[in-house]
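Colleague: Need coordinates for the following:
(2 chains)
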Amino acid sequence: MSGEAAITGVGYTPFSRASGTTVLDLAQRACRAALDDAGLAPSEVDGIASFMLNDDSVPCTAVATTLGVPQLRLALDLNLGGQAPCHLVWQARNAIVTGQARHVLVFRAMNGRSAASVGSMQFPGPGGPFRYPIGYGAYMMYIAMWARRFLHETGQDEQDLAAVAIAQRRHAARNPRAIRRREIDLAEYQGEPFVVEPFRRHDCTSEVDGACAVLVSSLEAARDLRHSPAVVASGAWRAGPAPGLDIGDHLAWADYTRNYTTHLREDLFARAGLAPGDLDLAEIYDCFSSTVLMGLEGLGICERGGSGAFVRSGATALDGSLPVNTHGGLLAEGYLHGMNTVAEAALQIMGRGGERQAPRHETCVVTSGALMDGSALILTAG
Amino acid sequence: MSTGPAIDEESRPYWEGLREERLRIQRCTGCGAHRFPPLPACPRCGAAEREWVDSAGRGRLYAWIRVHQAFAPELEVEVPYVVATVELEEGVRLVARLEDGVEPEIDAALAVRFVHHPDWSEARFAAPDAGATAIGTPTRSGDPR
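Modeller: As a prediction, this is how the structure comes out:
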């Protein structure tokens, strides 16, 4: 099939507490790893896309310079967080199918543990002064605020949050890259003190130093590369009404129980010609446990209020009806801002999930983001 | 309490109002819609003309969190504390601390209190019958404007 694009390679650096190197080095290593994975030379790359917050990373041109890319026809540098990975892959795909580029690297690199922590970052913009002076200044707090209302309105509780953390650890135990690999049970979950109520330690991602990249190529070119490609069948980015004055401002957002997934699902599935019931697996952005529940309901995979029971039923396990966050999620693999969530989806579609491979892997939904705005992809085996 | 807010032309009347123990919000003089945070134009009708009006200071609790971990050194003496999203009767939402000892409950009625710090003043919320006068230590270092 021509006129389409696919993820053809994925690359990672190790995830650590202190990389001991620069963000540019992390970025170029992850990008080279993605190229090696696909079997493509850096000289073939003609597009690079990435994102950063408060200048915590390097521009695409820096990576092009380091990789020795001879002609950069597309560079996208977004000032965004976890909303960006699916959005950038979709934009890379759109550039490729309209003939603007052939091979586009999409990466996220950060010394997110040892240097600039997104979790405690203050974001510039006119909304911040209403939050920061009162001690409402960490991203976790915003997600927790939404989680509180979401649990209340949907009739769910902390045990539903716990179910997500527990289920994902089972996957992480099979993922050598995950930084939290030990399985946990409800007693251990509840034994941890609150960080920001309703979140305890295991509801939270762990910030890391590291980088992750995926290579997006035309499907035609993909046929000459090493792996069976993960076709980008659909994508969407969406911000609903009043998405805020800065990345942390949500005061004018009407409904804390529904995030961007509710708003984009119709377009997302329609473009792919699929319905939620057609999915084989789902990789749902999870900086915190609640966003998995909200995503499952927002995408129409679960009925409103039914996501916690869905997870507790075992449906999201590798042998369940819809494996979710097969890498352990950001909760357990580490916080690469959801770039690693996209990479995991591609690996699963390619059948390269190793011990954590989902048995059925023809169609996968991936999401990026937690609150007002975000993006999603549907990847297929083509 | 931590450092005060960064104030700009759009938000100045809000912060000056708190200094005078008034909770002020923007109101569009075109269509009458209240809005918060302040904006240079009305998202409903597009009018740039706006005024600042006193809120009644009453609302209900939409959502809340309790912060147990101090994310900044100056907050270590404050944890645990509750931050609430408060829906005012005028239809806009604020985010504010609850007064110490106020147990958060979704949809509970709340009323504003004013707490004065040396360089800025803060709106907090408590149950409406918890006393009508402002509480908080008078720690003003200068004339409130």
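Colleague: just the strands in the stretch 251-382 of chain A please.
Modeller: A:281-283, A:363-368, A:373-380 (DSSP state E, counting those that start in this stretch).
Colleague: can you tell which of the ones you listed is closest to B:P13?
Modeller: Among the strands of the stretch 251-382 of chain A, the nearest to B:P13 by CB to CB is strand A:373-380 (29.1 Å). For glycine as for every other residue, the C-beta is placed from the backbone atoms N, C-alpha and C.
Colleague: Check chain B and tell me which residue is nearest its centre.
Modeller: B:A123 (3.8 Å; CA atoms, centre = their mean).
Colleague: A:G305: neighbour count?
Modeller: 17 (other CB atoms under 10 Å in any protein chain shown).
Colleague: dump the residue contacts of the single nearest residue of the stretch 151-300 of chain A relative to chain B.
Modeller: Among all residues of the stretch 151-300 of chain A, A:E197 sits closest to chain B, at 3.9 Å; criterion: CB to the nearest CB. When contacts are counted by CB atoms under 8 Å, 6 or more residues apart in numbering or on different chains, A:E197 touches A:A144, B:I65, B:R66, B:V67, B:H68, B:P80.
Colleague: Buried members of those into PyMOL, please.
Modeller: Burial among the contacts of A:E197 is assessed by 16 or more other CB atoms under 10 Å in any protein chain shown; the matching PyMOL selection reads:
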select buried, (chain A and resi 144) or (chain B and resi 65+66+67)
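Colleague: if we can go back for a sec, just list whatever residues bridge to the residue of the stretch 151-300 of chain A closest to chain B.
Modeller: B:R66 (DSSP bridges).
Colleague: So for it, what's the pLDDT?
Modeller: Looking at A:E197, its pLDDT reads 98.
Colleague: Could you do B:R66 as well?
Modeller: Looking at B:R66, the pLDDT reads 98.
Colleague: Repeat that for A:M1.
Modeller: 41.
Colleague: same thing with the one 10 residues further on?
Modeller: Model confidence at A:G11, given as pLDDT, is 98.
Colleague: check contacts around the nearest residue to it once chain neighbours are set aside.
Modeller: Here the nearest residue to A:G11 in space, its sequence neighbours aside, is A:A33; by CB to CB, 6 or more residues apart in numbering or on different chains that works out to 2.8 Å. By CB under 8 Å, 6+ apart, the residues touching A:A33 are A:V10, A:G11, A:Y12, A:T13, A:A213.
Colleague: helices and strands around the one helix or strand A:A6 maps to, which ones?
Modeller: Element membership for A:A6, per DSSP states H and E: strand A:5-12. Packed against strand A:5-12 by the contact rule (3 or more CB pairs under 8 Å, 6 or more residues apart in numbering or on different chains; DSSP states H and E) you find helix A:23-38, helix A:84-97, strand A:209-218, helix A:219-222, strand A:230-239, helix A:339-350.
Colleague: Dump these to CSV, plus mean pLDDT.
Modeller: Putting those into CSV (pLDDT from 0 to 100) gives the following:
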stretch, mean pLDDT
helix A:23-38, 98
helix A:84-97, 98
strand A:209-218, 98
helix A:219-222, 94
strand A:230-239, 98
helix A:339-350, 98
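Colleague: can I get these in JSON lines with distance to A:P323?
Modeller: Output for the helices and strands packed on strand A:5-12, formatted as JSON lines (distance: least, CB to CB, whole Å):
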{"stretch": "helix A:23-38", "distance to A:P323": "22"}
{"stretch": "helix A:84-97", "distance to A:P323": "19"}
{"stretch": "strand A:209-218", "distance to A:P323": "20"}
{"stretch": "helix A:219-222", "distance to A:P323": "25"}
{"stretch": "strand A:230-239", "distance to A:P323": "16"}
{"stretch": "helix A:339-350", "distance to A:P323": "8"}
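Colleague: The residue nearest to A:G11 and A:N94, how far apart?
Modeller: Separation of A:A33 from A:N94 (CB to CB, to the nearest Å): 25 Å.
Colleague: Likewise for A:G314?
Modeller: 38 Å.
Colleague: Please, where are all the helices along the chain?
Modeller: You didn't pick a chain, so chain A it is. With helices called from DSSP state H, chain A shows them at A:23-38, A:60-67, A:84-97, A:139-154, A:158-172, A:186-191, A:219-222, A:260-272, A:290-298, A:307-312, A:329-333, A:339-350.
Colleague: nope, chain B please
Modeller: Along chain B, counting by DSSP H, helices occupy B:12-19.
Colleague: Close to chain A: what parts of it are there?
Modeller: When proximity is defined by CB under 8 Å from any CB of the partner chain, chain B lies next to chain A at B:1-8, B:10-11, B:35-37, B:43, B:62-69, B:71-72, B:75, B:78, B:80-81, B:83, B:85, B:92-97, B:106, B:120, B:122.
Colleague: shaky segments in chain B?
Modeller: B:1-2, B:130-145 (pLDDT under 70).
Colleague: Same question for the stretch 1-150 of chain A.
Modeller: In the stretch 1-150 of chain A (pLDDT under 70), the answer is A:1-3.
Colleague: Flag every residue of it that's near chain B.
Modeller: A:120, A:126-138, A:141, A:144-146, A:148-149.
Colleague: A:S43 contacts A:P70, doesn't it?
Modeller: Yes. A:S43 lies in contact with A:P70 (CB atoms under 8 Å); the separation is 5.7 Å.
Colleague: residue contacts, the residue nearest to the spatial centre of chain A?
Modeller: Centroid-nearest residue in chain A, with CA atoms, centre = their mean: A:G338, separated by 2.4 Å. Contacts here follow CB under 8 Å, 6+ apart; on that basis A:G338 touches A:G82, A:A84, A:P85, A:C86, A:R108, A:Y285, A:C287, A:L330, A:T367, A:S368, A:G369.
Colleague: For beta bridges, what are the partners of A:G210?
Modeller: Counting by DSSP bridges, A:G210 forms beta bridges with A:M110.
Colleague: Quick check, it in contact with A:L336.
Modeller: Yes. With contacts counted by CB under 8 Å, A:G210 reaches A:L336, the gap being 5.9 Å.
Colleague: what touches both of the two?
Modeller: A:F15, A:M110, A:G112.
Colleague: Now do the first one: how many residues are near it, please.
Modeller: Applying other CB under 10 Å, we find 23 residues neighbouring A:F15.
Colleague: Pretty sure it sits against A:A332.
Modeller: No. Using CB under 8 Å, A:F15 makes no contact with A:A332, being 10.8 Å away.
Colleague: between these two, what contacts are shared?
Modeller: With CB under 8 Å, 6+ apart, A:F15 and A:A332 have common neighbours A:I179.
Colleague: Would you check that A:E355 makes contact with A:R177?
Modeller: No. A:E355 lies out of contact with A:R177 (CB under 8 Å); the separation is 11.8 Å.
Colleague: higher neighbour count, the two?
Modeller: A:R177 (19 against 10).
Colleague: How about that one: what's its closest non-neighbour residue?
Modeller: Closest residue to A:R177 apart from its sequence neighbours, by CB to CB, 6+ apart: A:E333 at 6.0 Å.
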